[in-house]
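Asker: this one's structure only:
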């Protein structure tokens with residue numbers, strides 16, 4: 001039996017290294033199907049809430065899980081990627097499994113991985129293993145509902161395995177992200193995301209641009225599902241964010257709640273929350289349980305999702321940690337910072353990346369930052385020529401924006417120290433690997 005540390009090491013060795021291996025499309029789907037079949041197809045025994053989108057899907061998963069848990073259900077939550085601990089991908093009722101329990105489960109799960117590796121399909125990737133493990137672990141532990149976040153796509157995502165007609169689908173805001181893989185237009189990306197809708201599925205989607213909406217409607221019709229959109233102007237009203245949280249009124253499909261208090265910061269979180277509330281009401285009608293407004297309100301008021309506009313303080317200095325990693329999310333983040341801390345000259349700590357999506361996010365930050373420190377998080381370590389190429393692209397982008405207050409410090413810890421020496425509040429954002437390195441450090445400093 002492997003130890004927890006040995007399991008983490010083993011899984012990290014399964015990360016795909018080449019471009020084709022990182023997104024194996026149907027080949028990866030076939031491999032994941034084989035693995036799940038070896039496990040007895042646990043995904044077909046679970047009531048699943050499946051969430052896809054570009055921005056907000058992690059928060060939507062968290063809030064949906066929180067609301068179901070508040071109503072007495074045992075809820076499995078699988079988020080991707082994790083921030084600080086692998087076990088975030090298979091938590092139950094908001095709790096990570098104990099290390100010894102995780103080791104026991106994984107030890108019983110591992111033979112199916114070994115059989116898959118020995119098959120013509122070959123070794124499954126980290127993402128395929130963890131998606132299958134989450135479904136299997138949730139089934140083993142008898143959850144009432146499994147709330148599952150997709151990875152970067154939908155159609156070819158390892159979580160997209162259930163054929164149950166009662167799967168509930170939630171689609172968050174869709175924008176340009178991972179364009180090399182998912183497509184360079186909103187319609188192409190929307191198609192990939194919406195393809196988690198299967199025959200008989202009911203889907204709810206946040207308000208979308210018309211071309212995205214048409215694509216989702218077309219996919220739902222062709223797949224044999226039904227989709228309903230939540231118009232932002234009528235479902236969410238009077239949204240307001242303060243340092244205490246977010247307040248809004250909710251109204252949809254005959255349900256209405258006034259002055260909802262949400263612990264998460266940002267008007268975009270009200271939109272994510274509206275999806276979660278809608279899911280709760282839809283499940284209550286389908287599965288025959290009553291929604292307690294008191295439990296709903298208490299759960300949302302106390303909501304705290306690490307890494308989503310998390311506010312820390314070090315000697316009175318603000319340190320904001322947020323998982324924004326594309327232009328759409330970065331616009332939401334800079335808008336909140338401007339609302340809550342008007343005129344505050346933030347120093348941003350961002351990863352060194354040169355892809356089109358990241359450069360667009362850098363452009364957004366340049367319009368709001370006093371200074372930017374770029375660093376190379378552990379998950380992005382690359383050969384120096386590639387890193388140098390990323391730096392040149394960032395410099396070109398910032399030059400086009402007329403922004404000059406930036407520097408490159410390769411080691412994240414040193415970059416954070418440099419930010420602390422400046423007099424400004426700090427925003428750590430731009431990628432999950434960067435948060436994985438700096439969030440625990442920021443937490444320790446803030447204690």
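Answerer: Done, it's in. This one's a predicted model, so the numbers in the text were calculated from it and none came from an experiment.

Asker: would you mind giving the domain segments of the chain?
Answerer: Residue ranges for each domain of the chain read 4-301, 310-446, as given by automatic domain parsing.

Asker: could those be laid out in JSON lines, adding mean pLDDT and mean neighbour count?
Answerer: (Glycine included, C-beta is placed from N, CA and C.) Formatted as JSON lines, the domains of the chain follow (pLDDT from 0 to 100; neighbours: other Cβ atoms under 10 Å):
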{"stretch": "domain 4-301", "mean pLDDT": "94", "mean neighbour count": "19"}
{"stretch": "domain 310-446", "mean pLDDT": "90", "mean neighbour count": "18"}
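
Asker: count the neighbours of the closest residue to residue 265 other than its chain neighbours for me.
Answerer: With Cβ to Cβ, 6 or more residues apart in numbering as the measure, residue 309 is the residue that lies nearest to residue 265, at 4.3 Å, once sequence neighbours are left out. Applying the criterion other Cβ atoms under 10 Å, we find 25 residues in the vicinity of residue 309.

Asker: need the per-residue pLDDT for residue 309.
Answerer: Looking at residue 309, its pLDDT is 90.

Asker: what strand or helix carries the residue nearest to the spatial centre of the chain?
Answerer: In the chain, the residue lying closest to the centroid (Cα atoms, centre = their mean) is residue 58, at 3.4 Å. Residue 58 is part of helix 57-70 when elements are defined by DSSP states H and E.

Asker: ok, then the element right after that helix?
Answerer: Toward the C-terminus, helix 57-70 is succeeded by strand 75-78 as the next helix or strand (DSSP H and E).

Asker: who are the packing partners of whatever helix or strand comes next after that following strand?
Answerer: Next helix or strand after strand 75-78 toward the C-terminus (DSSP H and E): strand 91-92. For strand 91-92, the packing partners by 3 or more Cβ pairs under 8 Å, 6 or more residues apart in numbering; DSSP states H and E come out as strand 75-78.

Asker: what's the distance between the closest residue to residue 131 other than its chain neighbours and residue 196?
Answerer: With Cβ to Cβ, 6+ apart as the criterion, residue 131 has its nearest non-adjacent residue at 3.8 Å, and that residue is residue 158. Residue 158 is 12 Å from residue 196, where distance means Cβ to Cβ, to the nearest Å.

Asker: so how far is residue 269 from the residue nearest to residue 265?
Answerer: With the distance defined as Cβ to Cβ, residue 309 ends up 8 Å from residue 269.

Asker: and residue 166, that one's in a helix?
Answerer: No. Assessed by DSSP: H, G, I helix; E, B strand; the rest coil, residue 166 does not belong to a helix; its assignment is coil.

Asker: what angle separates whichever helix or strand residue 443 is part of from helix 57-70?
Answerer: Taking DSSP H and E as the criterion, residue 443 maps to helix 432-446. Counting by axes from the mean of the first three to the mean of the last three Cα atoms, to 10 degrees, helix 432-446 points 60 degrees away from the direction of helix 57-70.

Asker: list the contacts of helix 432-446.
Answerer: Residues lying outside helix 432-446 but in contact with it, judged by Cβ atoms under 8 Å, 6 or more residues apart in numbering, are 81-84, 306-307, 310, 312-314, 319, 321, 323, 325, 349-351, 375, 377-380, 412-413, 416, 428-429.

Asker: what's the answer for stretch 274-293, then?
Answerer: With contact meaning Cβ under 8 Å, 6+ apart, stretch 274-293 is reached by 47, 49, 60, 63-64, 66-68, 70-71, 145, 166, 168, 170, 172, 202, 204, 206, 230, 235-236, 248, 250, 252-253, 255, 257, 260, 296.

Asker: thinking again about what came up before, among the contacts of helix 432-446, which lie within helices?
Answerer: Of those, the ones assigned to helices by DSSP state H are 412, 413, 416.

Asker: hmm, back to that, which residues touch the residue nearest to residue 131?
Answerer: With the criterion set at Cβ under 8 Å, 6+ apart, residue 158 makes contact with 28, 29, 32, 125, 127, 128, 131, 132, 151.

Asker: three-state assignment of it?
Answerer: coil.

Asker: any idea which of the ones in helices among the contacts of helix 432-446 is the one closest to residue 214?
Answerer: The nearest member of the ones in helices among the contacts of helix 432-446 to residue 214, counting by Cβ to Cβ, is residue 412 at 42.0 Å.

Asker: surely that closest one is in contact with residue 374?
Answerer: No. Applying Cβ atoms under 8 Å, one finds residue 412 not in contact with residue 374, separated by 10.3 Å.

Asker: from residue 126, how far out is residue 120?
Answerer: Distance of residue 120 to residue 126, given as Cβ to Cβ: 20 Å.

Asker: that should have said residue 83, apologies.
Answerer: Taking Cβ to Cβ as the measure, residue 83 falls 16 Å from residue 126.

Asker: got a list of what residue 364 touches?
Answerer: 327, 330, 331, 334.

Asker: and those residues, which of them are in strands?
Answerer: When DSSP state E defines the strands, the subset of the contacts of residue 364 inside them is empty.

Asker: TSV for these, including distance to residue 388?
Answerer: Shown next, in TSV, are these (distance: Cβ to Cβ, whole Å):
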residue	distance to residue 388
327	24
330	24
331	29
334	28
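
Asker: now do the same for the nearest residue to residue 407 once chain neighbours are set aside: helix, strand or coil?
Answerer: Beyond its immediate neighbours in the sequence, the residue positioned closest to residue 407 (Cβ to Cβ, 6+ apart) is residue 373, lying 5.7 Å away. Here residue 373 is strand, with the state taken from three-state DSSP.

Asker: so what's residue 373 up against?
Answerer: Applying Cβ under 8 Å, 6+ apart as the definition, the contact partners of residue 373 turn out to be 347, 348, 349, 350, 406, 407, 408, 409, 415, 418, 419.
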